[in-house]
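>>> sequence plus predicted model, see below.
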Amino acid sequence: MNLLKNAPDALPGTITGVRPEHLDITPTGWALRVEALEMLGAERLVYGHWAHGSGDELVILRTEEAHVVPTLGSTIHVTPRVHKIHYFDASSGKRKETR
């Protein structure tokens, strides 16, 4: 799971958790600079960092082989599936029920 201290629109004191398979490449959304690709047969993992430097966090997303492969060094946009986002208290690590 991606555990992000500086996710866009995150509340202070909250860590946003989102699994790689619950991030989609979209025309708009969180901007990521692609740093590595891992081909896994029917799927691939895309590793990137926030393109706008908000904490320089690593983000991993999983895509299907049918999707266009992003190029290294490019900027892509990803959007989390809203109903699949998890929130955690930054000080205790405990999951929050609601945002």
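Right, received. Where do you want to start?
>>> could you list the buried residues of the strand or helix carrying Glu35?
Per DSSP states H and E: Glu35 is located in strand 23-39. For strand 23-39, burial by neighbour count (16 or more other CB atoms under 10 Å) applies to Leu23, Ile25, Trp30, Ala31, Leu32, Arg33, Val34. The C-beta positions use only the backbone N, C-alpha and C, and glycine is treated the same way.
>>> what of stretch 87-99?
Buried-residue list, stretch 87-99, by 16+ other CB under 10 Å: Tyr87, Phe88.
>>> show residues contacting it.
Leu3, Lys5, Leu11, Gly13, Thr14, Ile15, Thr16, Gly17, His86 (CB atoms under 8 Å, 6 or more residues apart in numbering).
>>> kindly recompute the last result at 6 Å.
With CB atoms under 6 Å, 6 or more residues apart in numbering as the test, stretch 87-99 has contacts from Gly13, Thr14, Ile15, Gly17.
>>> now stretch 58-71
Residues contacting stretch 58-71 (CB under 6 Å, 6+ apart): 2, 20-21, 23, 32, 34, 42-48, 76, 78.
>>> switch to 10 Å and redo it
For stretch 58-71, contacts defined as CB atoms under 10 Å, 6 or more residues apart in numbering pick out 1-2, 4, 7, 18-25, 30, 32-50, 76, 78, 80.
>>> go on, stretch 2-13?
When contacts are defined by CB under 10 Å, 6+ apart, stretch 2-13 is touched by residues 14-20, 22-23, 29-31, 50, 52-61, 80, 85-93, 96, 99.
>>> please consider this matter closed, and thank you.
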